[in-house]
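Novice: Structure for this input, please:
(one chain, ligands or ions: 6)
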Amino acid sequence: MSRHGLPSDSNPFPFYKNSHFLVKFAASFLLFGIACRLLFSDSVMFSSSPVLTPPLPSSQPSSIALIPTEEEPEQAEKCDLFAGEWVPDPSGPNYTNRSCLHIQEHQNCMRNGRPDSGYLYWRWKPSGCDLPKFNPRKFLKLMRNKSLAFIGDSISRNHVQSLLCILSQVERAVEVYSDKEDKSKRWLFQSHNFTLSVIWAPFLIKADIFEDNNGVSSKETHLHLDKLDLKWAEQYDSFDYAVIAGGKWFLKTAVYLENDEVAGCHYCPGLNLTELGMDFAYRKALSLALDFASKHRAVMFLRTTTPDHFENGEWFSGGTCNRTVPFGEGEVDVGELDRAMRGIELEEFDKAAAAAAVVGSGENVGLKLLDTTRLSLLRPDGHPGAYMQFQPFAKDKDAKVQNDCLHWCLPGPIDSWNDLVMEMISNGGLYR
Ligand SMILES: *[C@@H]1O[C@H](CO)[C@@H](O)[C@H](O)[C@H]1NC(C)=O
Ligand SMILES: *[C@@H]1O[C@H](CO)[C@@H](O)[C@H](O)[C@H]1NC(C)=O
Ligand SMILES: *[C@@H]1O[C@H](CO)[C@@H](O)[C@H](O)[C@H]1NC(C)=O
Ligand SMILES: *[C@@H]1O[C@H](CO)[C@@H](O)[C@H](O)[C@H]1NC(C)=O
Ligand SMILES: *[C@@H]1O[C@H](CO)[C@@H](O)[C@H](O)[C@H]1NC(C)=O
Ligand SMILES: *[C@@H]1O[C@H](CO)[C@@H](O)[C@H](O)[C@H]1NC(C)=O
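Specialist: Ligands and ions are numbered 1, 2, ... in the order given. You can find the predicted model right below:
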C-alpha cells in the first residue's frame, strides 16, 4: 500500500494480462473473422501510433439523429466541448506534488524525476467555445450537500485523484471510508458537506474474480451479463452525480453468464465454450448500467475509453512514451481497439438516452457523455512512461524499465477531464 493510502499496484496493467493473446483476440473480434492474416501482427492493437493518415472525423456526437427532431436546431447551436485542440497555457496546473497529498506513487511524475515539465502548460480549447479552468471554490459551492461518485477501474481512480488534488487546494478532504483493499474510498469536504467517492467496479457488472493479491488467477473471471455490480448500484440512490467508465478489463479472459448459466466466454481456449467476443459483454454491461441510471435520480456521465500511447513496442515488449508535446490535429489516429470501444460506448449511450427520452418528457434525463477519448489521444506527453518508478535512471541511464503509457501524470492532462465535468455540471444545458 502506498503511503497515500491507495494501492500501489504491483502490476499497473492488470487487465492486459495474457495480453499478446488478448491482442490477437481483440483483433479477431474487431475484424470479424477476416483477422487471420493479422493474428501474427501484434502491432495492430493498443497502438495509437502516429500515422500520416487524415485526422479522425471530429467527435461530433453521432446521436443527433436519435434526438427528437424539434430539438435539432437548438442542438446544432450547442458547442461540442470535445472537438478542439490543446493550446499553450502559461498559468499551468493549480497544484503540485507538494501541495497535493493524493497523488499515487506511480503517477507522481514530478517526484519520480520526470525531467521535462512542458506537458503541464497546455489547456484544452474546444473549437466552438472556451472551456473555463476548473474553479475549486465554485465547484465546492455547487456541490454543497451533494455527492459525486467515480465508478470504474484504475483510470477512474486516476481521475478522482486529480479532482482531489484540485479541491484540496481549497479544503482538505477527510477520508471517511475505505474498503480493505483501499480500492473503494469516500471522502468528505466538511465545510461544504460534499461527499466524493471512488468505487472499484472495473466491469460495472457482477464479476466473480478468482485472483489472489498478486493478480494470479486460479480460475477464469465469471461475468454476469445481466447483473450490475451491487457495490455501486446499491449506493446509487445516495449520489447526485456519477462518472462511470468501463474499459480494458473486458479484454481479459472471462466466462460469460446469463441467468446464472454459462452463455459463452471470451478467450477461453480449452473450455469448449462459444467465443462471444468482449464486445458482446461490454455492450451488455454499458446497456445495463445506462438503463439503470436513466431510472434513477443521479446525473450519470459516461466517460469514453482512454487511449494509451505505447510506441516502439507494447506495454509488455518495451514500448515507451517519451514525447514531450501534444499531437496536433492530423498527427495521430485512434487505435482499432479504442475506436471499437468508443463506438460501443456511443451506440449504447445513444440507445439509453433515446429510450429514456421517450419515457420521460423528451428533456435530457441525466445521461451525459464525457467523450474524452479524442482529446486524450492528442496527449502522448501526459503519461508517466518510465517515471512510474522513482528515479528510474538514477543508477543506469540506459536502464530498461517498464513504462506506463496508459495512466496519466498528476498534475497532467487528466486534470482537463475535470474542467469538462465542472463545465457540464455548471452549464449542463449548453451541451448535449
Ligand atoms: C488554485 O486555485 C485557487 C482557487 O481558485 C486559487 O486561490 C489559487 O491561487 C490557485 N493556485 C495556483 C497555484 O494557481
Ligand atoms: C516534488 O517534486 C520535486 C521535483 O520536482 C522533488 O524535489 C520533491 O521532493 C517532490 N516533493 C514531494 C513531496 O514528493
Ligand atoms: C444543506 O443542508 C443543510 C442541512 O440540511 C441546509 O440547512 C442547507 O440549506 C443546505 N444547503 C443547500 C445549499 O442546499
Ligand atoms: C449534508 O447533505 C445531506 C444530503 O447530501 C443532507 O441530508 C444532510 O442534512 C447534510 N448535512 C448537513 C450537516 O448539512
Ligand atoms: C464440446 O461441447 C460440445 C457441445 O456442447 C460437445 O458435443 C463436445 O463433445 C465437447 N467437446 C469436448 C472436447 O468436450
Ligand atoms: C525515446 O524513446 C526511444 C525508444 O523508444 C529512444 O530511441 C529515444 O532516444 C527516446 N527519446 C528521448 C528524447 O529520450
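
Novice: switch to C-alpha atoms for all contacts and neighbour counts from now on
Specialist: Will do.

Novice: mind listing the strands for the stretch 251-400 of the chain?
Specialist: 254-258, 261-266, 299-303, 367-370 (DSSP state E, counting those that start in this stretch).

Novice: For ligand 6, which of the ones you listed is the nearest?
Specialist: strand 299-303 (29.7 Å; C-alpha to the nearest ligand atom).

Novice: Can I get the closest one in CSV, CA atoms only?
Specialist: Extracted C-alpha coordinates of strand 299-303, given in CSV (Å, rounded to 0.1, in the frame of the first residue of the first chain):
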residue,chain,number,x,y,z
VAL,A,299,-26.9,12.6,-13.3
MET,A,300,-24.6,10.0,-14.9
PHE,A,301,-21.6,10.9,-17.0
LEU,A,302,-20.4,8.1,-19.2
ARG,A,303,-16.7,8.6,-19.8
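
Novice: Offset the numbering so it begins at 670, please.
Specialist: Got it, the first residue is 670 from now on, which makes the last one we talked about strand 968-972.

Novice: so what strands line up beside it?
Specialist: Note on strand 968-972: by DSSP bridges, its sheet partners are strand 910-913 (parallel), strand 1036-1039 (parallel).

Novice: Out of those, flag the one nearest Ser887.
Specialist: Among those, strand 910-913 comes nearest to Ser887, with 28.6 Å by C-alpha to C-alpha.

Novice: a markdown table please, covering the strands of the stretch 920-1069 of the chain and showing mean pLDDT and distance to ligand 4.
Specialist: Shown next, in a markdown table, are those (pLDDT from 0 to 100; distance: least, C-alpha to the nearest ligand atom, whole Å):
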| stretch | mean pLDDT | distance to ligand 4 |
| --- | --- | --- |
| strand 923-927 | 97 | 36 |
| strand 930-935 | 97 | 39 |
| strand 968-972 | 97 | 14 |
| strand 1036-1039 | 95 | 20 |
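
Novice: Any chance of these in CSV with distance to Ser768 and mean neighbour count as columns?
Specialist: Putting the strands of the stretch 920-1069 of the chain into CSV (distance: least, C-alpha to C-alpha, whole Å; neighbours: other C-alpha atoms under 10 Å) gives the following:
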stretch, distance to Ser768, mean neighbour count
strand 923-927, 41, 22
strand 930-935, 44, 18
strand 968-972, 27, 23
strand 1036-1039, 28, 22
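
Novice: Using TSV, lay out these together with distance to Tyr1056.
Specialist: As requested, these are exported to TSV (distance: least, C-alpha to C-alpha, whole Å):
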stretch	distance to Tyr1056
strand 923-927	32
strand 930-935	33
strand 968-972	26
strand 1036-1039	28
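
Novice: so which of those gets nearest Ala842?
Specialist: strand 968-972 (22.7 Å).

Novice: So Ala954 versus ligand 1, what's the distance?
Specialist: 38 Å (C-alpha to the nearest ligand atom, to the nearest Å).

Novice: so who does that residue touch?
Specialist: The contact partners of Ala954, taken as C-alpha atoms under 8 Å, 6 or more residues apart in numbering, are Phe872, Leu873, Ile874, Leu894, Asp895, Leu897.

Novice: Among the residues you listed, which ones are in strands?
Specialist: Among those, the members found in strands (DSSP state E) are Ile874, Leu894, Asp895, Leu897.

Novice: Next one: the residue nearest to Ala967 when sequence neighbours are not counted, what pLDDT does it get?
Specialist: Take Ala967 and drop its neighbours on the chain: the residue closest to it by C-alpha to C-alpha, 6 or more residues apart in numbering is Asp909, 4.4 Å away. Here, the pLDDT recorded for Asp909 equals 97.

Novice: show me what contacts Asp909?
Specialist: Residues in contact with Asp909 (C-alpha under 8 Å, 6+ apart) are Lys815, Ser816, Leu817, Arg966, Ala967, Val968.

Novice: and the fifth one, how far is that from Val1090?
Specialist: In this structure, Ala967 lies at 14 Å from Val1090, with C-alpha to C-alpha, to the nearest Å as the measure.

Novice: Show me which of the two is the more surrounded one.
Specialist: Remark: of Ala967 and Val1090, Ala967 carries more neighbours, 21 against 18, as counted by other C-alpha atoms under 10 Å.

Novice: From what I see, Ile772 and Met1057 are in contact.
Specialist: No: using C-alpha atoms under 8 Å, Ile772 is not in contact with Met1057, being 11.8 Å away.

Novice: out of these two, which sits in the busier spot?
Specialist: Neighbour totals were compared for Ile772 and Met1057, and Met1057 leads with 28 against 25 (other C-alpha under 10 Å).

Novice: Tell me how far the more buried one lies from ligand 4.
Specialist: 37 Å.

Novice: Return the per-residue confidence for the nearest residue to that residue once chain neighbours are set aside.
Specialist: Spatially, and ignoring its direct neighbours in sequence, Met1057 is nearest to His775 (4.3 Å; C-alpha to C-alpha, 6+ apart). Looking at His775, its pLDDT reads 95.

Novice: His775 belongs to a helix?
Specialist: Yes: assignment of His775 by DSSP: H, G, I helix; E, B strand; the rest coil places it within a helix.

Novice: Tell me, how many residues neighbour it?
Specialist: Applying other C-alpha under 10 Å, we find 24 residues neighbouring His775.

Novice: One more: Asn941?
Specialist: Asn941: 9 neighbours (other C-alpha under 10 Å).

Novice: now Asn1087
Specialist: If we define neighbours as other C-alpha under 10 Å, then Asn1087 has 19 of them.

Novice: same thing with the one 5 residues further on?
Specialist: Neighbouring residues of Glu1092 were enumerated by other C-alpha under 10 Å; the total is 20.

Novice: Ligand 6 versus that one, what's the distance?
Specialist: 36 Å.

Novice: Report the buried residues of the strand or helix carrying that residue.
Specialist: Assigned by DSSP states H and E, Glu1092 belongs to helix 1084-1095. Using 16 or more other C-alpha atoms under 10 Å as the test for burial, helix 1084-1095 gives Asp1084, Ser1085, Trp1086, Asn1087, Asp1088, Leu1089, Val1090, Met1091, Glu1092, Met1093, Ile1094.
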